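Novice: let's see this in three dimensions:
(chains A and B)
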There are 2 protein chains.
Amino acid sequence: MQSSFQTVYWKNRQVVMLDQRLLPYEEKYNRYSTVQEVADAIQTMVVRGAPAIGVAAAFGVALAAIEADGNEERLLALCDVLAATRPTAVNLFWAIERMKKRISTHGTAPQEVLEEAERIKEEDIAACKKMGEFGEKFIKDGATVLTHCNAGALATAGWGTALGVFRSAVAAGKTIHVLADETRPRLQGAKLTAWELRKDGIDVTVISDNAAASLLRAGKIDAVVVGSDRIAANGDVCNKIGTYSVALAADAAGVPFYVAAPVSTIDMSCPSGDQIPIEEREADEVTHINGVQILPDGVPVKNPAFDVTPHTLVTAIFTEVGVFQKNYSESLKKILQP
Amino acid sequence: MQSSFQTVYWKNRQVVMLDQRLLPYEEKYNRYSTVQEVADAIQTMVVRGAPAIGVAAAFGVALAAIEADGNEERLLALCDVLAATRPTAVNLFWAIERMKKRISTHGTAPQEVLEEAERIKEEDIAACKKMGEFGEKFIKDGATVLTHCNAGALATAGWGTALGVFRSAVAAGKTIHVLADETRPRLQGAKLTAWELRKDGIDVTVISDNAAASLLRAGKIDAVVVGSDRIAANGDVCNKIGTYSVALAADAAGVPFYVAAPVSTIDMSCPSGDQIPIEEREADEVTHINGVQILPDGVPVKNPAFDVTPHTLVTAIFTEVGVFQKNYSESLKKILQP
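Specialist: Next comes the predicted model:
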């Protein structure tokens, strides 16, 4: 079983990305031939989701190797152009650092650089499948599962993190029913999660974010699985705004709340969620939907893009190296501390 | 101080309603000359908000008295048409019952019937002001307060319930900052609460529903005040979908969660929230925003319109006869049991 689409890939000396801004209306693949074009695509959210951004940037470095034509200084400067696209995506910096390291040991030859980018992509898919296999054991056959935002194949090089767990459950022969929070303000659940699960034939129903708590309270949901943008050393989980609400409601209902994320998401240098900076995004994400204004003129908006779910509400964290459970300060340190 | 607009009123043998579906884009008043038109207007949410629905239905009965032309049986049948419009708001049934009772004691003369409807309207405004005076004492000068949906002048005959508390705080000379949840799927917070508070010069900022919990957790909100569509005898509060999420987050943050509602909202015949029927509304409220489709074709939707907040999460209930606090089963019974 594979996802029936590709998020980002390399073909004929070009980086190809599925333009996620057009989903679910149109499945259009954009081709980029220059580093600047790739940087713009990341910045304008043609591609989004921390692991997918990392892979896109790695392919951007492969383009940079062609553009730099053996000039290492110029190649590293082009890496910095890619690194300046998004401030918070940890995987962006991680992927670029890894590419730079490879260049420093193996040189600037475009084919060498491209091979490292392809490895990052393949490893990302493999990590998703591994965490999916670990995680799907926690999902019962016939379960109704809730997710928030899009932690899917679209947010990774393929398979997905939270949605990877669902794909792995289906691959293991289980029947599952996915409820997707629409995820205001950017509606990634309504637009992306619904699109990719439907495309892969996985049963999905969309609800407004407001409906999640009462469905949990009514016993209609068996488990929650979400992704993460950063996990602190104590197990606090930073993820798309609204995740914390879902975690509170799951806890009140006695429903397990799982997080699926690659180990690269766990930031052992960050003691708790309090140290994670929360990006405040543009007001027009709230004031407008698909270009249509929904607020009266001139009404101000607060638009934090992420929130922190305290570790006390997290039942388990699925990663490619295994499943972490409480007490996270101990369990994460045991495996991940250098 | 008055609201600078009218929600529903009687003029020249017609029921006039501000068409709330057009806000905040247009302030248009619709005129209805038949019971069926009024029933359709309630059902299609030209008017919404439990107390406003009650007042609209009472004026609908006044139209029915004209249509029935002295035939009491026909008049009562027309009342049933009005009662069949919305299932959850108890004020609808309360208002119609009161009109029927008046008809049974004072007859079917249209002028008599209209006078009772006008009394319901005036009493509703007076009740809002009274509960506002009780409630505003719980709001500190300089406070940031959060509300969900629209429990405003637009949801009542005037002044509002939750927003009435804010108006009364301002009338008492306090400075307050209102955060309004946008309230998907119908966006009553973004469209109506923002519109009416801005129109009356009260400071308002809109947030996506997903942002409320993290702002509460961050200590940025001093109190939550919401309205209600039905309160059970044990103090369980039925209100717009998403209210329960806010209550959970307020509880977790140690922030008081207040409900403002007229006594007519309290249904002593309903032992707990479990007995309150929850209206499931059309999928297109979720699939489309302002006529623009946001979901992929054919993806199903669940769209419950209300949820129940258990009484354990409710700090106090503001009514026109006073403030109720825990234990609600006792405090409500003492005042309201016949």
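
Novice: got a list of what A:Arg21 touches?
Specialist: For A:Arg21, the contacting residues are A:44-46, by C-beta atoms under 8 Å, 6 or more residues apart in numbering or on different chains. Where you see a C-beta, it was placed from the backbone N, CA and C, and this is true even at glycine.

Novice: how close does it get to A:Asp284?
Specialist: Taken as C-beta to C-beta, to the nearest Å, the spacing of A:Arg21 relative to A:Asp284 amounts to 14 Å.

Novice: and if you look at A:Met17?
Specialist: Here the distance between A:Met17 and A:Asp284 works out to 23 Å (C-beta to C-beta).

Novice: A:Asp209 now?
Specialist: Plainly put, A:Asp209 is 19 Å away from A:Asp284 if you go by C-beta to C-beta.

Novice: repeat for A:Ser33
Specialist: Using C-beta to C-beta, which is the criterion applied here, A:Ser33 is 30 Å from A:Asp284.

Novice: over to A:Ile278?
Specialist: A:Ile278 sits at a distance of 19 Å from A:Asp284 (criterion: C-beta to C-beta).

Novice: same thing with A:Asp69?
Specialist: Applying C-beta to C-beta, one obtains 41 Å for the distance of A:Asp69 from A:Asp284.

Novice: so between those two, which is more surrounded?
Specialist: In this view A:Asp69 and A:Asp284 are compared by other C-beta atoms under 10 Å in any protein chain shown, and A:Asp284 has more residues nearby, 14 against 10.

Novice: quick one: low-confidence residue ranges for the stretch 201-338 of chain A.
Specialist: Within the stretch 201-338 of chain A, the segments meeting pLDDT under 70 span A:337-338.

Novice: now do the strands in it.
Specialist: Shown for the stretch 201-338 of chain A, the strands assigned by DSSP state E, counting those that start in this stretch span residues A:204-207, A:223-226, A:230-232, A:237-240, A:257-260, A:266-267, A:288-289, A:292-293, A:306-309, A:316-319, A:322-325.

Novice: make TSV from the ones you listed and add mean neighbour count and distance to B:Ala64 to it.
Specialist: As requested, the strands of the stretch 201-338 of chain A are arranged in TSV below (neighbours: other C-beta atoms under 10 Å in any protein chain shown; distance: least, C-beta to C-beta, whole Å):
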stretch	mean neighbour count	distance to B:Ala64
strand A:204-207	24	38
strand A:223-226	26	49
strand A:230-232	27	61
strand A:237-240	26	50
strand A:257-260	26	52
strand A:266-267	20	66
strand A:288-289	18	40
strand A:292-293	12	38
strand A:306-309	26	50
strand A:316-319	25	60
strand A:322-325	16	63
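
Novice: centroid residue for chain A?
Specialist: A:Gly49 (3.5 Å; C-alpha atoms, centre = their mean).

Novice: now do that residue, the pLDDT please.
Specialist: Model confidence at A:Gly49, expressed as pLDDT, equals 91.

Novice: so it makes contact with A:Ala157?
Specialist: No: taking contacts as C-beta atoms under 8 Å, A:Gly49 lies outside contact range of A:Ala157: 9.8 Å.

Novice: joint contacts of these two?
Specialist: Common contacts of A:Gly49 and A:Ala157, defined by C-beta under 8 Å, 6+ apart, comprise A:Thr7.

Novice: just give me the longest helix of chain A.
Specialist: Taking residue count as the measure and DSSP state H as the definition, the longest helix of chain A comes out as helix A:110-136.

Novice: the closest residue to chain B within the stretch 1-150 of chain A and A:Phe324: what is the separation?
Specialist: Proximity to chain B, evaluated over the stretch 1-150 of chain A using C-beta to the nearest C-beta, is greatest for A:Pro24 at 3.8 Å. As for A:Pro24, its distance to A:Phe324 is 34 Å (criterion: C-beta to C-beta).

Novice: cool, and A:Ala211?
Specialist: In this view, A:Ala211 and A:Phe324 are 30 Å apart by C-beta to C-beta.

Novice: A:Met45 too?
Specialist: Counting by C-beta to C-beta, the gap between A:Met45 and A:Phe324 amounts to 30 Å.

Novice: please apply the same query to A:Ser208.
Specialist: Computed as C-beta to C-beta, the A:Ser208 to A:Phe324 distance reads 31 Å.

Novice: do A:Ile231 as well
Specialist: Taken as C-beta to C-beta, the span from A:Ile231 to A:Phe324 is 9 Å.

Novice: kindly report the domain assignment for chain A.
Specialist: With automatic domain parsing as the criterion, the domains of chain A are listed as A:8-127, A:128-336.

Novice: any idea which of those is most buried?
Specialist: For the domains of chain A, the stretch with the most neighbours on average is domain A:128-336, a mean of 22; neighbours defined as mean count of other C-beta atoms under 10 Å in any protein chain shown.

Novice: what's the span of that one, first residue to last?
Specialist: Start and end residues of domain A:128-336 are separated by 18 Å (C-alpha to C-alpha, to the nearest Å).

Novice: check stretch A:207-216 too.
Specialist: End-to-end distance for stretch A:207-216: 12 Å, by C-alpha to C-alpha.

Novice: stretch A:282-292 too?
Specialist: For stretch A:282-292, the first and last residues are 15 Å from each other (C-alpha to C-alpha).

Novice: helices along chain A, start to end?
Specialist: Secondary structure of chain A (DSSP H): helices located at A:35-43, A:50-68, A:72-83, A:90-106, A:110-136, A:162-171, A:188, A:194-199, A:212-217, A:243-253, A:284-287, A:328-336.
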